[in-house]
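Undergrad: sharing a model prediction with you, sequence too.
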Amino acid sequence: MKKLFWLLDVNSEVREQKPEVWVWGIDDKGQRILIIEQNFPAYFYLVVKDGCSTRSVTAAITTRQTEFPLILKLESVSRKYFGKPVDAVKVYCRSPDVVSKYAKAMAKIEGVKESLEDDIRYAMRYLIDTSASPCSWHEIEVEETSNTRGVQVDKLYTAKSPPERVEEVAFPQLRILGFSIIAYCQRGAPKPDKNPVVIISVAASNGKEQQFIARNSNDKPVLEGFIKCVRDFDPDVIVGYGTNRQDWNYLTARARKHCLKLLVDRASTEPHTSVYGHVSLTGRASVDLFDLADELPEVKVKTLENVADFLGVMKLGKRILPEDIDYATHWEDSRKHPSLVKFSKEKTQSIMGVARAMLDFAIQLSNLAGIPLDHVGTAAVGFRIEWYLVREACKIGELIPKRLERPYIPYAGAVVLEPKPGVHENIAVLDFKAMYPNIMITRNVSPDTYVGSSEPEPSSGVNVAPEVGHRFRKEPSGFYREVLSGLIASRDEIRPKLSKLNPKSPEYRTLDARQKAVKVITNAAYGYTGWIGARWYVKPVAEAATAWGRDIIMSTVNTAKKIGLEVVYSDTDSVFVNNDPSKIAELSEKIVKEVGLEMKPDKVYTRVLFTEAKKKYCGLLPDGRLDIVGLEVVRGDWANCAKNVQERVLEIILKQQAPKKAAEFVRNYIVDLRQKKASYRDLIIWKTLTKPVEEYQVKAPHVEAAKRLMRERYELSMGDKIGYVITLGAGKLYEKAKPYVLASYDEVDTEYYVTNQIVPAASRILSMLGIAEEELLPIAIPKTKTLGDFSK
DNA sequence: GCATGAAAAATACCC
DNA sequence: ACGGGTATTTTTCATGCG
């Protein structure tokens, strides 16, 4: 019978030496199903050397049959590799477990150049070859079987055909469960071997909320309650914050401590760490919203509370914050206990809210990139585009290159022009939309069209990149041209549909998420080719794209000048010119003819201030908002007090054009700061630990602060943000930096904040308007000089 | 031994 | 573990002086 289903997760199993692909889904009736495919073969390729035949390779393998007992069959095939035709032997195996071993051994056979695609995992192979994709609908021929596997589904089927994609925008009703845990310990970070999980708060997409609270710190009933709760609700998606790095491991370890097993998936196995460091729950999608928060660059310190605040889920001022909680006393003190319980509940509510705001995008990205929903957040940008390319490559018969270790060789990027410092009125910003993708499309720049420097020119002719001279075949269309024009076209199809929809409708949300996912993949294509970790790393491709980019933007700047437009700034794909519509129209026309790329007006600034530095400016938009770029205001490593002062200064300068007033504001703020009227929170400086603390070559303030935290038994690792304040005392800055959680306002060195935070941030702007640093400091109260003063 | 300035390390931004 | 270009702060090193 035919079955319509939405693909949720996929995994593979080997049973009695026979491989199986398990496809988990939801059917059109809302039943949770597992479809087992038992006839999908594992395989890899042996590329044959020039001048050798696939026949001789096949014969060589056959004579050594005893070494390779699990070969299913051998097939001679024609494929392409970096655009060039190659002959290969496709080696089918009875088990995915022998693929890598066989490939390694057979690569040494006479006449074999190399093995390929033996590094594509079996379950992924199935998705790629059948064109099935997570988070979308498929139709498949199946046969119902009895559930003898002990899996938690409504129906179990055996696959009788490959799945086929069915275009359908609407999702099934997903059951989503959110949770957060509170572990309790006296000091520092809780350890699962000693410290219990005292509260687990759960919320479900049906609106139900539940809390499991320990009595006398015995967490066994808490864990049992949670496990039962998950199994009873049977969610498709489980969301949390920090689940990959913490919660799942902690819960699994605590369960073991009580001789329990944390069986919360659909196959009665424990959570297990899988590719890209995500924790997998078989048959469900476990999504860690912390990983997805990387998509929100505006949020500098990625706590759940900050993310929820940014997304408008739960405002910071209307909730209990972690810094208000001391786990030890809140757990033990019966009067404070309720606020800890409430805090935990609010965390899970935030998680559900953040999930509602971000899951649509994750689902679309999963579907587009073809990687399971639980991998999407942890897979780096490079891997997301890579899986998309892998699928596209298979469709056109391109073999997938292996991942290689390569040396890093830098190459030239974009041009950035010196801005004309000061305030300018009525400035238009024009830019090339998707400049690098369009360069690659128009010049046919692609890994498979690159003509190496020693190769003869192909008959179709070549496009030659300026400056660097790299050549690219004009015909036929390259892999990248096909992929990128397809992506751009699909985004162009979505846009008009969006404008017809109500932004609050589910269709709009889905399409908007789709459009964003397409954009992410499109924009990653250029950088990917220049990444040494990429399967399709071809440095000349990246180098040619930037060379054409430089050529195009310089032509634009020069043409603008010829027309009589003043160029006040330019960065990569944009030019900032005086807003003269007729000249701008003339420029656009000339440029499209000259370089073949379209340039469009992006925005107009009523007034814009440039500093002397590149990449730092602030524009006033017609609606009165400030567009702040690169300045301290938008940086996460400046204290809030300095950022707030700078923002206010910019506002006074650009809206009221009153530099004196701005200076006065700064002076007044400093007076207040010296009296400690600023909030302690506004004095915290946040910096990221980019490597383990012991690997640092210099003593940096945030690293020393991190070490202090570690002495207090906090667990810190790469990527963590360290919040510290500068305290009073002598010596180097790193000696005075203290984690904000361990310091108090009394010890704060307010003069540091005046001299090294407020004044530089304010002066960055005000020095452009002729205001010296001294004018930003409050006037010292004139006093009669004493003998003591003279004697100094 | 110490002040000074240049270089290196580290981070976060822009596009 | 996508790219290069850029600004900035703090630490560290090198140098010259006395």
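TA: Yep, it's here.
Undergrad: do stretch A:675-691 and DNA strand B meet at all?
TA: Yes. Among the residues of stretch A:675-691, A:686-691 lie within reach of DNA strand B under CB under 7 Å from any atom of the strand. In this view, the C-beta of every residue, glycine as well, is placed from N, C-alpha and C.
Undergrad: so the lengthiest helix in chain A, near DNA strand C or not?
TA: Secondary structure of chain A read by DSSP state H shows that its longest helix is helix A:337-369. No. Using CB under 7 Å from any atom of the strand, helix A:337-369 never reaches DNA strand C; the gap is at least 12.6 Å.
Undergrad: what's the average pLDDT for that helix?
TA: In this model, helix A:337-369 has a mean pLDDT of 96.
Undergrad: after it, which helix or strand is next?
TA: Tracing the chain past helix A:337-369, the next element assigned as helix or strand by DSSP states H and E is helix A:373-376.
Undergrad: and the residues of stretch A:675-691 next to DNA strand B, which are buried?
TA: A:686-687, A:689 (16 or more other CB atoms under 10 Å).
Undergrad: just those now: which is nearest DNA strand B?
TA: Distances from DNA strand B to those, taken as CB to the nearest atom of the strand, are shortest for A:Lys687 (4.6 Å).
Undergrad: bridged to that closest one, which residues?
TA: Per DSSP bridges, residues listed as beta-bridge partners of A:Lys687: A:Ile722.
Undergrad: find the closest residue to DNA strand C in chain A.
TA: A:Gly527 (2.1 Å).
Undergrad: re earlier: reformat the buried ones among the residues of stretch A:675-691 next to DNA strand B as CSV; add distance to A:Asn578 and pLDDT.
TA: Output for these, formatted as CSV (distance: CB to CB, whole Å; pLDDT from 0 to 100):
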residue, distance to A:Asn578, pLDDT
A:Trp686, 39, 97
A:Lys687, 40, 96
A:Leu689, 45, 96
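Undergrad: so can I have TSV of those showing distance to A:Ala428?
TA: Shown next, in TSV, are those (distance: CB to CB, whole Å):
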residue	distance to A:Ala428
A:Trp686	36
A:Lys687	37
A:Leu689	42
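Undergrad: so in chain A, where's the weakest helix or strand by average pLDDT?
TA: Here the helix or strand of chain A ranked lowest by mean pLDDT, DSSP states H and E is helix A:787-791, holding a mean of 37.
Undergrad: how many residues are close by A:Gly580?
TA: Actually, residue A:580 is Asp rather than Gly. Burial of A:Asp580 is recorded as 16 neighbouring residues (other CB atoms under 10 Å).
Undergrad: tell me the phi and psi of it?
TA: According to degrees, to the nearest 10, the main-chain angles of A:Asp580 amount to phi -110, psi 100.
Undergrad: contacts only, for it.
TA: A:428, A:564-565 (CB atoms under 8 Å, 6 or more residues apart in numbering).
Undergrad: quick check: the gap between it and A:Leu417.
TA: 19 Å (CB to CB, to the nearest Å).
Undergrad: then A:Ile35?
TA: The value you get for A:Ile35 to A:Leu417, if CB to CB is used, is 58 Å.
Undergrad: whatever helix or strand A:Val557 lives in vs DNA strand C: in contact?
TA: Under the criterion of DSSP H and E, A:Val557 resides in helix A:539-563. Yes. Residues of helix A:539-563 contacting DNA strand C under CB under 7 Å from any atom of the strand: A:542, A:546.
Undergrad: following element in sequence after that helix, please.
TA: Following helix A:539-563 toward the C-terminus (DSSP H and E): strand A:567-571.
Undergrad: so which elements touch that next one?
TA: helix A:539-563, strand A:574-578, strand A:599-610 (3 or more CB pairs under 8 Å, 6 or more residues apart in numbering; DSSP states H and E).
Undergrad: try it again with 7 Å
TA: Contacts defined by 3 or more CB pairs under 7 Å, 6 or more residues apart in numbering; DSSP states H and E place strand A:567-571 against helix A:539-563, strand A:574-578.
Undergrad: the shortest one packs against which elements?
TA: In this structure, strand A:574-578 packs against strand A:422-432, helix A:539-563, strand A:567-571, with contacts taken as 3+ CB pairs under 7 Å, 6+ apart.
Undergrad: can you get me a residue count around A:Asn206?
TA: 10.
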